[in-house]
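1. kindly return the folded structure for what I paste below:
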Amino acid sequence: MKQAAVVNFAPTKGSVELRHVDRPSIGDEDVLLKVGAVGVCGSDLHQWTADHSWPVNYPVILGHEFAGTIEQVGGRVVGWQVGDRACSETAAVIDPNNPMSRSGLYNLDPTRKGFGYGVNGAMTEYVKVPSRCLHRVPDGLALDRACLTEPCCVAYNAVVMNGSVKPGDRIVVLGPGPIGLLCAAMARLQGAIVAVVGLERDRVRLDIAKQYGCEVVTGDCRGWAFSGDGLGVDGVVDAAGISVTLKTAIDIVRPAGWISKVGWGRDPVGFSLDPMVQKNVTLQGSFSHNWGMWERVLRLMSTGLLNIDPVVGGTWTLEHWHEAFETMHSGQIAKAVLTPA
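-> Sure thing, here's the model as predicted:
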């Protein structure tokens, strides 16, 4: 049986199209998930524009932020049944014997393959998912919101796990993309005073930051960063990833402060790290997430403590994927969601 799918078919710009592909068959430890909604990630856009920095198994169905309803259950799957609502982690393939996996850090298994680049993702009608990746969607949480659990977990990891936020801290988030906005929301939940920094063209997304109670800065943020005691901010989240934002982070963070780098960038750094050494700053990379973070984030979302409505800019069907990509890429909205027809 055939199904529609948004396929990234080559490592060249614009090599994404809607195709009709075979519906996947599942193994004994998998489920077949009927996709209810799938978020468009910045990484999907990067693969579309061919400026990504990670290996891709072409051709591949895009989409790693998704939720849906179980259609079929493998013979050895325990705890799940047809009709259950679920969302999925991204680590579709891991080595269970890798030291990282055995210690619970399977997101850091160097051999892992994720949905949407390593194996087929969820910008389609049905997707094969290992049952170990599944989390139950709480009652009352709509699938078109549950599908965004994944980027919320990225933000949770960057701010809560890999940052060091205390109530009353002054935090700067560099980059008002979806991850930056969610990082700002997480920092606000922890009681921080947050400024989100972007450019004039980011005005729509900066307005979303205001809805989370953040201050916004366009351009140079040094005035805000040093407006306290003159030493800089307690922490910086680099959600932009380009070299200049890391330099800015090092410049504005206070002595003994911290930087959590969650944004990707393939360009070389090109500047001295000596100021970071001199100030005794902690620079922490932040990648992906694991089981405990998902359970906590789902609680935050289902109880309303984390409201992601401001981030969602609209919903499109799979057939209109290109319009969704263009609208998000242009900065008119923060996050697009796709649904099967």
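2. remind me which residues of the protein are low pLDDT?
-> By pLDDT under 70, the chain contains no weakly predicted segment.
3. quick check: domain ranges of it?
-> Split into domains by automatic domain parsing, the chain comes to 2-148+308-339, 154-285.
4. what about the most far-flung residue of the chain relative to its centre, distance to residue 5?
-> Residue farthest from the centre of the chain, counting by CA atoms, centre = their mean, is residue 229 at 33.4 Å. Distance of residue 229 to residue 5, given as CB to CB, to the nearest Å: 54 Å. (Each C-beta comes from the backbone N, C-alpha and C, glycine too.)
5. figure out which of the domains of the chain is closest to residue 292.
-> For the domains of the chain, proximity to residue 292 was assessed by CB to CB; domain 2-148+308-339 is nearest, at 8.3 Å.
6. tell me which element residue 209 is part of?
-> helix 203-211 (DSSP states H and E).
7. which is the next helix or strand following that helix?
-> Sequence order places strand 215-218 as the next helix or strand after helix 203-211, per DSSP H and E.
8. helices and strands around the helix or strand following that next one, which ones?
-> With elements assigned by DSSP H and E, the helix or strand that comes after strand 215-218 is helix 222-225. With contacts taken as 3 or more CB pairs under 8 Å, 6 or more residues apart in numbering; DSSP states H and E, helix 222-225 sits against strand 170-174, strand 215-218, helix 243-252.
9. most tightly packed of the ones you listed?
-> strand 170-174 (a mean of 28; mean count of other CB atoms under 10 Å).
10. count residues in the vicinity of residue 19, would you?
-> Residues contacting residue 19 under the criterion other CB atoms under 10 Å number 15.
11. please name the nearest non-neighbouring residue to it.
-> Distance criterion CB to CB, 6 or more residues apart in numbering; nearest residue to residue 19, sequence neighbours excluded, is residue 7 at 4.7 Å.
12. so residue 206 makes contact with residue 177?
-> No: the pair residue 206 and residue 177 does not pass the contact test of CB atoms under 8 Å, sitting 11.1 Å apart.
13. more crowded one of the two?
-> More neighbours surround residue 177 than the other of residue 206 and residue 177, with 25 against 21 (other CB under 10 Å).
14. list the buried residues for the helix holding residue 209?
-> Within helix 203-211, the residues scored as buried using 16 or more other CB atoms under 10 Å are 205, 206, 208, 209.
15. likewise stretch 96-116?
-> Of the residues in stretch 96-116, 98, 100, 101, 106, 107, 108, 109, 112, 114, 115, 116 count as buried by neighbour count, 16+ other CB under 10 Å.
16. now swap in stretch 62-70 and tell me
-> By neighbour count with 16+ other CB under 10 Å, stretch 62-70 contains the buried residues 62, 63, 64, 65, 66, 67, 68, 70.
17. mind listing the strands for the stretch 51-200 of the chain?
-> Along the stretch 51-200 of the chain, counting by DSSP state E, counting those that start in this stretch, strands occupy 60-61, 65-73, 85-88, 91-93, 113-114, 126-130, 134-136, 170-174, 193-198.
18. mind putting those strands in a markdown table, distance to residue 30 included?
-> Listed next are the strands of the stretch 51-200 of the chain as a markdown table, based on distance: least, CB to CB, whole Å:
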| stretch | distance to residue 30 |
| --- | --- |
| strand 60-61 | 16 |
| strand 65-73 | 8 |
| strand 85-88 | 11 |
| strand 91-93 | 10 |
| strand 113-114 | 15 |
| strand 126-130 | 5 |
| strand 134-136 | 10 |
| strand 170-174 | 37 |
| strand 193-198 | 40 |
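19. out of these, which is closest to residue 282?
-> Closest approach to residue 282 among the strands of the stretch 51-200 of the chain is made by strand 170-174 (14.0 Å; CB to CB).
20. now do the helices in this structure.
-> Ranges of helices within the chain are 42-49, 99-102, 143-146, 149-156, 178-189, 203-211, 222-225, 243-252, 274-278, 291-302, 321-329, based on DSSP state H.
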